[in-house]
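Visitor: Sequence below, structure please.
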Amino acid sequence: MSVGVIMAGGLGKRLWPESRVNCPKQFINLENRESFLQAAYRRASDIFGAENVFLVIREDLKDAVVSQLPKVHLENIIAEPQGKDTAPCIGFASVWIKEKRGDESMVVLPADHLIKNERRFAKIILAALEQAEKDFLVTIGIKPTRAETEYGYLQVGEKLEDLNGISLLKVERFTEKPSHKKAKEFFEEGNFLWNAGIFAWKPTIILNEMKIHLPGLYKGLMKIGKALGTDKEKEIIKEVYASFPKISIDYGVMEKTSSVVAVAGDFFWDDIGNWKALERILNRDGEGNIIRGLVEEMGSSDCILINRENKILGVIGLSHLIIVNTKNGVLVMGKERAHKVKDLVNRLLGDDKLKDYLE
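Guide: This is a model prediction of the structure:
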């Protein structure tokens, strides 16, 4: 038996004002169908069965999660008192799964990614699980289609095995988001994959790695593990979580261990890390504009125009701009600055008078 673990925290900064602290990206719907969270839960349920899908969320997002996923098994919601990045999130989930279900292989899935070719995705997840059963740390890497600076990369080495047409590769190293020059080199060299942030392993295997590379975090996780199912569970989790470092699983473990293998994924995957990324997934009009909502434009080209309010957004003679209008705010920026939205939100969060527009 195996389980799926969906990480559904986040602070909703990169797609503000559509996403916000209390409505992170996974809750929004960009294509007038299901939200990212609903899609992630459906895919995981198809693979593992709904009873074997767990969600790790910030405690304050529980009502929003249940609202979007009314059939979710409430006992499968793992609530963090506060967001501490992916290493504590994954560690907490691993302890929880180990205590509740034993050392069952688990696949860690972000809640806010766009995935297509879902049958192929499922096959690759199952191939990753096979390797997790052999006590490997497994990551899924995506073959790049462009020189992308917004993703981390995996440098892969020799092909270890062919898994019915799916390559199992040795991971030489993880790399952070590169410069454009480096991204171009990675793309041309052909031995780099995008880091999709999807992992497979047994709880004991990843916890042992944390014991080596993040001993302070590991010690706290063991304290939480002992408290699960007791009267002091919530009290201990809250107390211990406050002491956890804010650190990603990549930086805390994956970049330091030599026990990682990659399953090469060839399904469509996109992180949708900023507003400009919509150009890769949404159709444009004859002038290259992406338009959603009540918008009237004249003589504009190569713009992204999104209006979520019940009033008209008029745009005349603009080019290469992004305009997003919601009840909480209006964002106007040049496309080349799309990666700066998070910086703007961080600045606004520092002003108590403006917090209500960001939460």
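
Visitor: contacts and neighbour counts: CA atoms only from here.
Guide: Will do.

Visitor: Report the contact partners of the residue lying closest to L354 once chain neighbours are set aside.
Guide: Distances taken as CA to CA, 6 or more residues apart in numbering place L348 nearest to L354, at 6.3 Å, with adjacent residues excluded. By CA atoms under 8 Å, 6 or more residues apart in numbering, L348 lies in contact with L354, K355, L358.

Visitor: Need the three-state assignment for L348.
Guide: helix (DSSP: H, G, I helix; E, B strand; the rest coil).

Visitor: that older thread, just the buried residues out of the contacts of L348, in ChimeraX syntax.
Guide: In ChimeraX, this line selects whichever of these come out buried by 16 or more other CA atoms under 10 Å:
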select :358
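
Visitor: and which of the contacts of L348 is nearest to F121?
Guide: L358 (34.1 Å; CA to CA).

Visitor: Would you confirm that that closest one contacts V345?
Guide: Yes - at 7.5 Å, L358 counts as touching V345 under the criterion of CA atoms under 8 Å.

Visitor: Overlap of the contact sets of those two?
Guide: Residues touching both L358 and V345 (CA under 8 Å, 6+ apart): W16.

Visitor: got the contacts of L348 as CSV, with pLDDT columns?
Guide: As requested, those are exported to CSV (pLDDT from 0 to 100):
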residue, pLDDT
L354, 85
K355, 81
L358, 83
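
Visitor: So which of the contacts of L348 are in helices?
Guide: If you go by DSSP state H, the contacts of L348 have nothing in helices.

Visitor: Export the contacts of L348 as JSON lines, with columns for distance to A64.
Guide: Below are those laid out as JSON lines (distance: CA to CA, whole Å):
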{"residue": "L354", "distance to A64": "22"}
{"residue": "K355", "distance to A64": "19"}
{"residue": "L358", "distance to A64": "16"}
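
Visitor: Listing request: residues of the chain with sub-threshold pLDDT.
Guide: Residue ranges of the chain with pLDDT under 70: 32.

Visitor: 80 instead, please
Guide: Residues of the chain meeting the criterion pLDDT under 80: 31-32.

Visitor: All the helices of it, in order from the start?
Guide: Under DSSP H, the chain gives helices at 36-48, 62-68, 86-101, 118-132, 180-189, 203-213, 215-227, 233-241, 249, 341-349.

Visitor: Single out the most deeply packed of those helices.
Guide: Most buried of these, by mean neighbour count (mean count of other CA atoms under 10 Å): helix 86-101, with a mean of 22.

Visitor: Just give me how far that helix sits from the chain centre.
Guide: 17 Å (CA atoms, centre = their mean, to the nearest Å).

Visitor: Spatially central residue in this structure, please.
Guide: Centroid-nearest residue in the chain: P110, 3.5 Å away (criterion: CA atoms, centre = their mean).

Visitor: sorry, back to before: same list, the helices of the chain, but as CSV with distance to G141 please.
Guide: Converted to CSV, those look like this (distance: least, CA to CA, whole Å):
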stretch, distance to G141
helix 36-48, 18
helix 62-68, 28
helix 86-101, 17
helix 118-132, 10
helix 180-189, 13
helix 203-213, 18
helix 215-227, 26
helix 233-241, 30
helix 249, 15
helix 341-349, 25
